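Engineer: Next come a sequence and a model predicted from it.
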Amino acid sequence: MSLADLTGNINTLTLFTSQAHECSYLPHRLAVSLFADPNVKMSMAVYNYLVEYGFRRSGENVYAPSCPNCAECKPIRIPAATFVANRVQRRILKRNQGIQVTCMPAEFNNEHYELYQHYMSTRHAGSSMENPSKTSYMAFLSSAWSDTYFYEFRDNNNLVAITVADKLKHGLSAVYTFFDPKYHRLSPGSYAILWLIEEAYSLQLNWLYLGYWIEGCKKMQYKAQYQPAELFRNNQWTPF
């Protein structure tokens, strides 16, 4: 498949499908991903283009679900200018009024890495993500070509969370958030999304891209709490 198959653009980029593998989100299903050719140098211009068609980034790889018998993974984005926090989200914003956020370059930082290790050992114990090396940590969150930032969230100089995001032409794309579990009362994962929405608005960007929403997946249901939202389905963005 090429970009021409998606857009009619004469400038093509080869897309490959992965081997079928066990789905990480829905039981008893096989998943297939569509990947941009890893042997062709990616650029922010192409990445911006692909994001508009539901693609995501994981490290250097740009991908989208392409399961032959399932279309449950729906890209979701939040319009920064019209988002309205609900009652629970307003409480989270209030609880985090004292949090200081600093934008950092996407470079290795040992304090960040140690927080990531701690998060994985407590939240993903026994999974393939546990015990990450320094190399795998950076390979997952960053890339050589993306405009990526690590946002530090601190409470009285104590590192609470890191949220990683790519800055796009028209929005921010949330890549991953990890935090110190002892600060769970602050709902750092939810606050990171709320903060990114506000940051997109302050940068005069239109959207916060939140990856994929899957109706039948319990751990994805939190994304539906951010409204209004749009889903990419039938090759276009439509209201949630």
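Structural biologist: Yes, it's here.

Engineer: Helices along the chain, start to end?
Structural biologist: 3-7, 44-51, 87-95, 110-123, 134-141, 188-202 (DSSP state H).

Engineer: can you redo these as JSON lines with mean neighbour count?
Structural biologist: No exception for glycine: its C-beta is placed from N, CA and C like everyone else's. Shown next, in JSON lines, are those (neighbours: other CB atoms under 10 Å):
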{"stretch": "helix 3-7", "mean neighbour count": "15"}
{"stretch": "helix 44-51", "mean neighbour count": "18"}
{"stretch": "helix 87-95", "mean neighbour count": "13"}
{"stretch": "helix 110-123", "mean neighbour count": "15"}
{"stretch": "helix 134-141", "mean neighbour count": "16"}
{"stretch": "helix 188-202", "mean neighbour count": "21"}
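
Engineer: any chance of those helices in CSV, with mean pLDDT and distance to Ser24 too?
Structural biologist: Shown next, in CSV, are the helices of the chain (pLDDT from 0 to 100; distance: least, CB to CB, whole Å):
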stretch, mean pLDDT, distance to Ser24
helix 3-7, 44, 25
helix 44-51, 94, 21
helix 87-95, 98, 27
helix 110-123, 94, 15
helix 134-141, 97, 14
helix 188-202, 98, 18
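
Engineer: Test my guess that Asn86 contacts Pro228.
Structural biologist: No. Contact status for Asn86 versus Pro228: not in contact, 11.5 Å apart, counting by CB atoms under 8 Å.

Engineer: Can you find the helix or strand of the chain with the lowest average pLDDT?
Structural biologist: Lowest on mean pLDDT, DSSP states H and E among the helices and strands of the chain sits helix 3-7, with a mean of 44.

Engineer: Out of the helices of the chain, the one nearest Asn157 is which?
Structural biologist: For Asn157, the closest of these is helix 110-123, at 11.2 Å, according to CB to CB.

Engineer: Could you list every helix and strand in contact with the closest one?
Structural biologist: Judged by 3 or more CB pairs under 8 Å, 6 or more residues apart in numbering; DSSP states H and E, helix 110-123 is in contact with helix 134-141, strand 158-167, strand 171-179.

Engineer: Can you pull the poorly scored residue ranges out of the protein?
Structural biologist: Judged against pLDDT under 70, the low-scoring parts of the chain cover residues 1-12, 125-130.

Engineer: how many neighbours does the closest residue to Ser18 other than its chain neighbours have?
Structural biologist: Nearest non-adjacent residue to Ser18, counting by CB to CB, 6 or more residues apart in numbering: Ser33, 4.5 Å away. Ser33 has 19 neighbours, counted by other CB atoms under 10 Å.

Engineer: Bridged to Ser33, which residues?
Structural biologist: Pro65 (DSSP bridges).
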